[in-house]
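A.B. asks: Here is my input; please provide its structure:
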Amino acid sequence: MTTVRKGQAGPRLEREAFHRKFIDQFFDPAFEAVADQLAAVEEVAWQAYHDKRKAPRTVKAGPGFADPDYDLSIEWKEAHERLRAAEARQKDPATPSRILLVNGAARNDGSCPGEISKTWRLTQIARDTLAAQGLETDVLDLSRLISDYDRHIHPCKACVSTAMPLCHWPCSCYPNHAERQTGDWMNEIYERWVAAHGVIILTPVYWYQAPAVLKLMIDRLVCADGGNPDPSSTGGKDAAKAKRMELDGWDYPKHLAGRAFGLVVHGDVAGIEGTRRSLSDWLNWMGLVDSGSFGQLDRFVGYYESYADSHETLDRDTAFQEEVRNVARAVALTVDGLRAGRVVPPGGRLRAPRPK
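C.D. replies: Down below sits the predicted model:
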């Protein structure tokens, strides 16, 4: 048995340090009028932190789990059931084809930038193109992380690097009520990916890479690629149990495989090709199906021109707009071919000699 290595995490907060952290969120003087009530809430929060009450409401796992008597988080169990229902709808040949459009830009006019993003406009072009062909669309606007109240995609904790079975599908790291790691958006996002027959990611380039809002989602989707759908099998987050499971043989299930994908990447100076390639590599790795040369696009909008009039530059670039429509059309055609059985994923009948 391999060793579970320890010794990195920082010390737990003492009571006074916890108080300072807790009260920082109520900096507005208006909260002084409810200081006594806040003190009572703080004491409850301290006890939850001190006792490590990550999942304060649980339900028995029940039939179909390795340990039916295991206490699962109610929130995880509900998310698990929603994913099962979404998967059943997605595989039903009677359901209309559904495309998930992911807007990966952080900018919107509901916060400091004060203006919509070009990526949002491109997303609307793709949506309208798909709707005109009779496909259902679902727009996932990741910029809402910057403008919605208490909306979060918490960072991946990298359970998979300890052992793949420790990474649960869907993710069981959040919410963690003891650490106030709540308001996580991913359970809804997992369901939207599962329900889709095709996915189009539209994104700008920030400093040669994907924007942070998009990368947060990407990292948290690691559980879709090899994740364990049964937390009771690892006793929750028991690293030693998970290591034994992986070493005994793990099949690394690809929970999103077989869905079509398309990409639209744009920038103004550099990084578009590298970002498009990394996104394509990631989606291919997860078993999603490439929609061909028309299904992937990287373009500059106003190369080395001012930011201030970049929307006007996009207005003039009608060729780019039409190329975005072609990405949507290519994904629609691929989805149609996959559902009709005319398109077979290239690796669908092959077995990897080194699965991971």
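A.B. asks: Who are the contact partners of the nearest residue to residue 207 once chain neighbours are set aside?
C.D. replies: Once flanking residues are discounted, residue 207 sits nearest to residue 271: 7.5 Å by Cβ to Cβ, 6 or more residues apart in numbering. Backbone N, C-alpha and C define where each C-beta goes, glycine included. Counting by Cβ atoms under 8 Å, 6 or more residues apart in numbering, residue 271 touches 205, 207, 208, 209.
A.B. asks: What does the pLDDT read for the second one?
C.D. replies: Predicted confidence (pLDDT) at residue 207: the value is 96.
A.B. asks: measure the residue nearest to residue 207 to residue 13 for me?
C.D. replies: 40 Å (Cβ to Cβ, to the nearest Å).
A.B. asks: And residue 281, by the same measure?
C.D. replies: When residue 281 is compared with residue 13 (using Cβ to Cβ), they lie 40 Å apart.
A.B. asks: what do you get for residue 202?
C.D. replies: Residue 202 is 41 Å from residue 13, by Cβ to Cβ.
A.B. asks: Between these two, which has more neighbouring residues?
C.D. replies: residue 202 (30 against 15; other Cβ atoms under 10 Å).
A.B. asks: mind checking the SS state of the more buried one?
C.D. replies: strand (DSSP: H, G, I helix; E, B strand; the rest coil).
A.B. asks: can you pull out the strands in this structure?
C.D. replies: Here the chain has its strands, by DSSP state E, at 58-60, 71-73, 98-103, 136-141, 198-204, 260-267, 289-290, 296-300.
A.B. asks: closest one to residue 109 among those?
C.D. replies: Set against residue 109 and scored by Cβ to Cβ, these come closest in strand 136-141, at 11.9 Å.
A.B. asks: May I have the strands that pair with the closest one, each with its orientation?
C.D. replies: If you go by DSSP bridges, strand 136-141 pairs up with strand 98-103 (parallel).
A.B. asks: hmm, back to that, on the pLDDT front, check the residue nearest to residue 207 for me.
C.D. replies: You'll see residue 271 listed with a pLDDT of 97.
A.B. asks: now swap in residue 348 and tell me
C.D. replies: 70.
A.B. asks: quick revisit: let's have the contacts of residue 271 in a markdown table, adding distance to residue 323.
C.D. replies: Formatted as a markdown table, those follow (distance: Cβ to Cβ, whole Å):
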| residue | distance to residue 323 |
| --- | --- |
| 205 | 17 |
| 207 | 24 |
| 208 | 22 |
| 209 | 22 |
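A.B. asks: Which of those sits closest to residue 304?
C.D. replies: For the contacts of residue 271, the nearest to residue 304 is residue 205 (13.8 Å; Cβ to Cβ).
A.B. asks: which residues sit in contact with the closest one?
C.D. replies: Residue 205 touches 265, 266, 267, 270, 271, 272, 275, counting by Cβ under 8 Å, 6+ apart.
A.B. asks: Can you flag the buried ones in those residues?
C.D. replies: Among the contacts of residue 205, those classed as buried by 16 or more other Cβ atoms under 10 Å are 265, 266, 267, 271, 272, 275.
A.B. asks: Which one of the residues you listed is nearest to residue 116?
C.D. replies: residue 266 (14.4 Å).
A.B. asks: Report the central residue of this protein.
C.D. replies: Residue closest to the average C-alpha location in the chain (Cα atoms, centre = their mean): residue 217, at 3.1 Å.
A.B. asks: That one: what's it in contact with?
C.D. replies: Applying Cβ under 8 Å, 6+ apart, the residues near residue 217 are 102, 142, 153, 186, 189.
A.B. asks: ditto for residue 108
C.D. replies: 116, 117, 120, 141, 143, 144, 146, 147.
A.B. asks: filter those to the buried ones?
C.D. replies: For the contacts of residue 108, buried by 16+ other Cβ under 10 Å: 116, 117, 120, 141, 143, 144, 146, 147.
A.B. asks: how close does residue 179 get to residue 32?
C.D. replies: From residue 179 to residue 32 the distance is 26 Å (Cβ to Cβ).
A.B. asks: Which residue, neighbours along the chain excluded, lies closest to residue 273?
C.D. replies: For residue 273, the spatially nearest residue (Cβ to Cβ, 6+ apart) is residue 298, at 5.4 Å.
A.B. asks: Any buried residues in the longest helix along the chain, and which?
C.D. replies: For the chain, the helix with the greatest residue count under DSSP state H is helix 318-340. Neighbour-count burial for helix 318-340, counted by 16+ other Cβ under 10 Å, picks out 320, 323-336, 338-339.
A.B. asks: Turn the buried ones among the contacts of residue 205 into CSV, including distance to residue 242.
C.D. replies: What follows is these, written out as CSV (distance: Cβ to Cβ, whole Å):
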residue, distance to residue 242
265, 36
266, 40
267, 40
271, 36
272, 39
275, 33
